[in-house]
Structures are given as structure tokens and as C-alpha cells.
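> With the sequence up front, the predicted model follows.
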Amino acid sequence: MNTTARNALISVSDKTGIAEFAAALAALGFRLLSTGGTAKLLKDAGLPVTEVAEVTRFPEMLDGRVKTLHPAIHGGLLARRDTPAHMAALQAHGIGAIDLAVINLYPFEATVARPGCTLAEAIENIDIGGPAMVRSAAKNWQDVAVLTHASQYAAVLQELRASGGQLSAKTRFALSVAAFNRVAQYDAAISEWLSSVDFDASQGQGESGSAPFAQSAPVRAPFPAQANPVFIKLQDLRYGENPHQQAAFYRDLHPAPGTLATARQLQGKELSYNNIADADAAWECVRQFTQAACVIVKHANPCGVAVAPSAGQAYAKALQTDPTSAFGGIIAFNRPLDGPAAEHVARQFVEVLMAPAFTPEALAVFAAKPNVRLLQIELPADTAQAAPAARALEYKRVGSGLLIQTADQHRLQETDLQVVTEKRPTPQQMQDLLFAWQVAQYVKSNAIVFCKDGMTVGVGAGQMSRLDSARIASIKAQNAGLSLTGAAAASDAFFPFRDGLDVLADAGAACVIQPGGSIRDAEVIAAANERGIAMVFTGVRHFRH
């Protein structure tokens, strides 16, 4: 290899934009080194390319598994230019220094994401030489620039052209950090997938006499032996839950469309830790509804929820539930916010306002309130279908540990309900029961929610006693001037005694929805019959701690 030329090593699995980038590098005076399919693509594009096998003087072997694991490559990547002994070693062995490396890895994550992926397919897509080269180049960032994604090409080219073919130390370091992050993500994905495979259960799946796992996807545990969640920092926050705490906001490596981490802030002050936590509670609640809906949240609990023909009407109804708590709250809509609705919302103090879109008229209204944080979160077209997929897993830290669970994505259908009382709900009551149940899923336990005509009329949350939650919901309804007579009531968990049912009946509830499953269900059902209340069981509990 020419030991004085500037060399660029290119070995990519994802070939997006690589021919154009390589052509630009060649125009800047870089000598192109490449491997296998990448070399062929560049040659077909008419570019002068030296294959790695010519540099190592050793052919690719083992179906391409061994090609770059050689001193002629790693010496060129790792040699420090400021260390005379390193440079003398390169000279003695005829090794050229590599100044720029463009490497992305075999598509392991995409491969295992395909339904039916076998262990053999997964293993074959574990890159060995790629991560080794990335790590070598990234370690020697003071002399080598390493690119691991096509999204980096444009900015690097711009700087190379502007600076006579050189990259700043700041850029090389940033590329190095991104490279180590990519290798960490890659290894984490491999570790997590493989450690979820149940070897014993999978062995018998293949045809008689075949190798284990050869014919079908392996049996995998829902939770791997080692969990390696990867999160990317979006921003540092001014402080945490309290001013003496530090905090930052991270997103999933691949955030689901229509979730809070994909929000775009259109105006307003910087989001706080509590803003983000409350905004997530409001957004996850509102995005489940198919009708136009509004959710108002205070301290992570919905204090007003309603559905209506329009966003403005939904807000007017939601506000009625608890206008006192709504002051300084978080408001979420699942429909674009127009000017008239914005005028209505702007009359109250709001911390964060979220919607899939804001009309120019709505933006003009809030331009006069620059401190209001406006978040635009674009919802997928099939909102109702996309909502359950938003969170596959949920995490909660405990002392030196982590709890992981599948998200509560249960969506109740009317056909799932079991009417257990002599009195059956009317069609309107059934709709209110289902609405109340949807809201109760997002209220902290013990949760009691009264609803009527597509709006909450009383919410009791987070109490140690279900009786207290019911009483608080009744008190809030009275304070808001709302009647609970004829309301539908939802309880997120079963009633262990009849007294909970009696409190709801005393408050005016005409029908109740609850999971059932108590050893005293018969006692509670008898109480409902005695009080003339219709009651349905869901068979599902919605604790939310």
C-alpha cells in the first residue's frame, strides 16, 4: 500500500449514498480501499478502488467471514501519527495509514426483527470485522475519522471541502463517540436477542436429524436473561422532580411514531421534568380515543376527560370536571387545534398544550402567550390501532434493580363485558361505562371515575382506600357543580366489600364497571341488585402506581 497517500477505507452493508460519497472522497484526493460487494459497487460506478485483499495479500475466506482482520488494516487504523515508533513500524512493513473509515455493520437488528428469523440467520448477521474496524478507528480518533451511518456523509463532506480535505479534532471526536455508541447498540441488540433464546425448547423444532433451530424461529422468552435498553439523550433539563435534583430527557433508540419523544416544540419555555411526565400521562390517555377528545392532567392524573364532535367542544366538557385543578395543567388533544378552540383554551393558565397540529389561527392566539409550551405530535393515520404498539415494555427502577413489564395495552370491547346484575345497562349507559373504563386506566390507583354523556364528572385518584377515592370523586363533582345522578362509575380494581359499591350508589351512580374477581363478588352483586344498579365485570384490572 502507498504509505504516503491519504487512504479511505470503505466497507458498508447499507450502501445508501456510498457511491456518491466515495466519488467525492476520490475528488478530494483520497485513495479508496474497499471490500467485497462494496468494492464491486464502487468499481461499477467507475471509481478507482483497491481491494483489501490486495493490501493484506491474503484472500477473503470462510465465506467472507475473514477479510479485514489483518495487521495491514488494523495497523493503518491504530497507528498514532505523533508516535515515531508507530510510524516507523508502518514504514517497515509497508502499511499505509488509514485516515478515514466508512463502515456500517451487518443488519442484525433488521434481521431478527423479521418474523420467523432462525438462529442461523441471526448468527450469520453478526458482524465481526466491522465492529473491530470501527473500534480501532474510533480509538485513534486524533488521526482517523470514522463514519458509521449515511446521515453523516453530507456534513463531513461539507467540512472536508471547506477545509482543504481536513476534519477538525472536534468533528473526529464526535464521530468517534457516535461510532462507539453504534457498536454498543449493536452488541446490546445481539446480547439481548440471544439471551432470550430458550435452547432446550428450541432444539426439537427442526426436522428429524437436522441441526437445532435450522428450520424455524427459536422459542424465545418474553424477557431476556440480560436486558440492554438503549436510550438517546434529547436534552438536559433545568432540574428534576425537585430543584435540588438533576435530570435529562432521553428517547428510545427507535421511538414509536406518535409518542411524546417524537414531539416538536413550537413555542414556549423549556420543558421541565414534571412537564414531560405529566405530558406523557395526558398524551397516552388522549391518543387512545377514536372520537375527538381532550384530556387535562394535573400531577400525572387526568382531572378532566371528554369526547365530542370537535376539539373545542371536547375541551369545554373536560374543563367542567375540575376547573380548579385544570389551572396550570397539561392539556392534550387528539385532533388539530383551530382558532376558536385556541381562544377558549387561552383563557386559562396552561403549562403545556399538545395536539397533532395547530392551525395558523391557533398559533397566532398563543403567540401572545410566549411562555405556553406548544408541542406538536403527529399521530399515525390509524391512531386507534397504533396506540397499543406505542410502548412494548415499561421500566421502573427500584433499589439497585429494574422492574420490566409489558405495557398495559388492553383495549376493552363491549363483547368482553359480563353483565352480572338483574338490571342491564342501557345502550347509552354502556357507552359511558366503556368511556369511564378507558379513563380509569390512566388514573393512579385506587381509581374511581364517574362519567356521563362522554365526559368525566368526578375523578378520585391515588388514595390508599378505594372508599376514599370514591368520596373524593363525589366531592370534586359537588365543587364543580356537577350531578352524579345517573352517572356511570368505573373502578380500576374489584371491590373487596360491598361498602365501595354503596358509596358509588349513594353518590348517584346508576351503573358500575369493575374487574370482578373478589371472593365477595356475590355480596357486591347482591348490593348492586338491592340498590337497583346495573353492573358489569371486565375480567381485567388496571392498577397504575
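Perfect, thanks for sending it.
> what ranges do the strands span in the stretch 351-500 of the chain?
Assigned by DSSP state E, counting those that start in this stretch, the stretch 351-500 of the chain shows strands spanning 373-376, 393-398, 401-406, 418-419, 448-452, 455-460, 488-491.
> Also the stretch 201-350 of the chain?
For the stretch 201-350 of the chain, applying DSSP E, counting those that start in this stretch gives strands covering 231-237, 247-252, 264-267, 292-298, 301-308, 329-333, 350-355.
> Of these, which is nearest Gly36?
Closest to Gly36 of the strands of the stretch 201-350 of the chain, according to C-beta to C-beta: strand 231-237, at 31.0 Å. Backbone N, C-alpha and C define where each C-beta goes, glycine included.
> What helices and strands are in contact with the closest one?
strand 247-252 (3 or more C-beta pairs under 8 Å, 6 or more residues apart in numbering; DSSP states H and E).
> Looking at the strands of the stretch 201-350 of the chain, which is nearest to Met535?
strand 301-308 (21.9 Å).
> which outside residues touch the closest one?
281-282, 285-286, 289, 291-297, 314-322, 325-326, 329, 435, 439, 442-444, 454-456, 459, 461-462 (C-beta atoms under 8 Å, 6 or more residues apart in numbering).
> Please list all residues in contact with the residue nearest the centre of the chain.
The centroid of the chain falls nearest to Pro255 when counting by C-alpha atoms, centre = their mean (3.6 Å). Taking C-beta under 8 Å, 6+ apart, we find Pro255 in contact with Ala261, Thr262.
> Backbone dihedrals for it, please?
Phi and psi for Pro255, reported as degrees, to the nearest 10, are phi -70, psi 140.
> And Ala368, by the same measure?
In terms of degrees, to the nearest 10, the main-chain angles of Ala368 are phi -80, psi -10.
> Adjust the sequence numbering to begin at 30 for everything that follows.
Understood, numbering begins at 30; the last thing we discussed is Ala397.
> Please report phi then psi for the closest residue in space to it that isn't next to it in sequence.
In space, and not counting its chain neighbours, Ala397 is closest to Ala375: 7.7 Å by C-beta to C-beta, 6 or more residues apart in numbering. Per-residue torsions, Ala375: phi -70, psi -10 (degrees, to the nearest 10).
> gap between Ala375 and Thr353?
18 Å (C-beta to C-beta, to the nearest Å).
> Show me which helix runs longest in this protein.
When the chain is parsed with DSSP state H, its longest helix is helix 198-223.
> so what does that helix touch, helix or strand wise?
Helix 198-223 is packed against helix 137-142, helix 158-168, strand 174-176, helix 182-191, with contacts defined by 3+ C-beta pairs under 8 Å, 6+ apart.
> Pull the residues that contact the first one.
Helix 137-142 is contacted from outside by Cys146, Glu150, Ala151, Asn154, Ile155, Asp156, Tyr215, Ala218, Ile219, Trp222, using C-beta under 8 Å, 6+ apart.
> redo that, cut-off 10 Å
With C-beta atoms under 10 Å, 6 or more residues apart in numbering as the test, helix 137-142 has contacts from 42-43, 136, 146-148, 150-156, 214-219, 221-223, 225, 246, 249, 282-283.
> again, but for the third one
Strand 174-176 is contacted from outside by 37-39, 41, 50, 106, 127-133, 162-169, 181-182, 184-185, 188-189, 195-197, 200-205, 207-209, 211, using C-beta under 10 Å, 6+ apart.
> again, 7 Å this time
With contact meaning C-beta atoms under 7 Å, 6 or more residues apart in numbering, strand 174-176 is reached by 129-132, 163, 166-167, 182, 185, 196, 201, 204-205, 208.
> What subset of these is buried?
Neighbour-count burial within the contacts of strand 174-176 applies to 129-132, 163, 166-167, 182, 185, 196, 201, 204-205, 208; the criterion is 16 or more other C-beta atoms under 10 Å.
> sorry, back to before: now the strands of the stretch 230-379 of the chain as JSON lines including mean neighbour count?
Listed next are the strands of the stretch 230-379 of the chain as JSON lines, based on neighbours: other C-beta atoms under 10 Å:
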{"stretch": "strand 260-266", "mean neighbour count": "13"}
{"stretch": "strand 276-281", "mean neighbour count": "15"}
{"stretch": "strand 293-296", "mean neighbour count": "14"}
{"stretch": "strand 321-327", "mean neighbour count": "27"}
{"stretch": "strand 330-337", "mean neighbour count": "26"}
{"stretch": "strand 358-362", "mean neighbour count": "27"}
{"stretch": "strand 379-384", "mean neighbour count": "25"}
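> which stretch among these comes nearest Gln543?
For Gln543, the closest of the strands of the stretch 230-379 of the chain is strand 330-337, at 18.4 Å, according to C-beta to C-beta.
> For the chain, which residues score under the pLDDT cut-off?
30-34, 88, 90, 92-93, 95-96, 98, 233-244, 411-420 (pLDDT under 70).
> Would you mind measuring from Pro331 to Asn154?
For Pro331 relative to Asn154 (C-beta to C-beta), the value is 44 Å.
> Next: Val131.
In terms of C-beta to C-beta, Val131 sits 20 Å off from Asn154.
> just Pro144 next, same as before
Relative to Asn154, and taking C-beta to C-beta, Pro144 is found at 15 Å.
> the more surrounded of the two?
Neighbour count, other C-beta atoms under 10 Å: between Pro144 and Asn154, Asn154 has more, with 18 against 5.
> which residues touch that one?
Listed by C-beta under 7 Å, 6+ apart, the contact set of Asn154 reads Tyr135, Pro136, Phe137, Thr140.
> about what we covered before: so which of the strands of the stretch 380-529 of the chain comes closest to Ala391?
When the strands of the stretch 380-529 of the chain are compared by C-beta to C-beta, strand 402-405 sits nearest Ala391, at 8.7 Å.
> how about that closest one: buried residues?
Judged by neighbour count (16+ other C-beta under 10 Å), strand 402-405 contains these buried residues: Arg402, Leu403, Leu404, Gln405.
> I'd like to know which elements it is packed against.
Counting contacts by 3 or more C-beta pairs under 7 Å, 6 or more residues apart in numbering; DSSP states H and E, strand 402-405 is packed against strand 293-296, strand 379-384.
> Touching the last one from outside, list them.
With contacts defined as C-beta under 7 Å, 6+ apart, strand 379-384 is touched by 304, 308, 311-312, 357-362, 365-366, 374, 401-406.
> on that earlier part again, could you give me the PyMOL syntax to select whichever of the contacts of helix 137-142 are buried?
Only the buried entries of the contacts of helix 137-142 go into this PyMOL selection, using 16+ other C-beta under 10 Å:
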select buried, resi 42+146+147+148+151+154+155+156+214+215+217+218+219+221+222+223+225+246+249
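> thinking again about what came up before, make JSON lines from the strands of the stretch 380-529 of the chain and add distance to Gly66 to it.
Listed next are the strands of the stretch 380-529 of the chain as JSON lines, based on distance: least, C-beta to C-beta, whole Å:
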{"stretch": "strand 402-405", "distance to Gly66": "41"}
{"stretch": "strand 422-427", "distance to Gly66": "36"}
{"stretch": "strand 430-435", "distance to Gly66": "39"}
{"stretch": "strand 447-448", "distance to Gly66": "60"}
{"stretch": "strand 477-481", "distance to Gly66": "59"}
{"stretch": "strand 484-489", "distance to Gly66": "59"}
{"stretch": "strand 517-520", "distance to Gly66": "58"}
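> With Ala476 as the reference, measure out to Asn330.
In this view, Asn330 and Ala476 are 9 Å apart by C-beta to C-beta.
> Give the residues shared as contacts by these two.
Common contact partners of Asn330 and Ala476 (C-beta under 7 Å, 6+ apart): Ala490.
> quick one on the thing from earlier: output the strands of the stretch 230-379 of the chain in TSV, with distance to Leu431 appended to each entry.
Output for those, formatted as TSV (distance: least, C-beta to C-beta, whole Å):
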stretch	distance to Leu431
strand 260-266	13
strand 276-281	15
strand 293-296	30
strand 321-327	26
strand 330-337	25
strand 358-362	27
strand 379-384	28
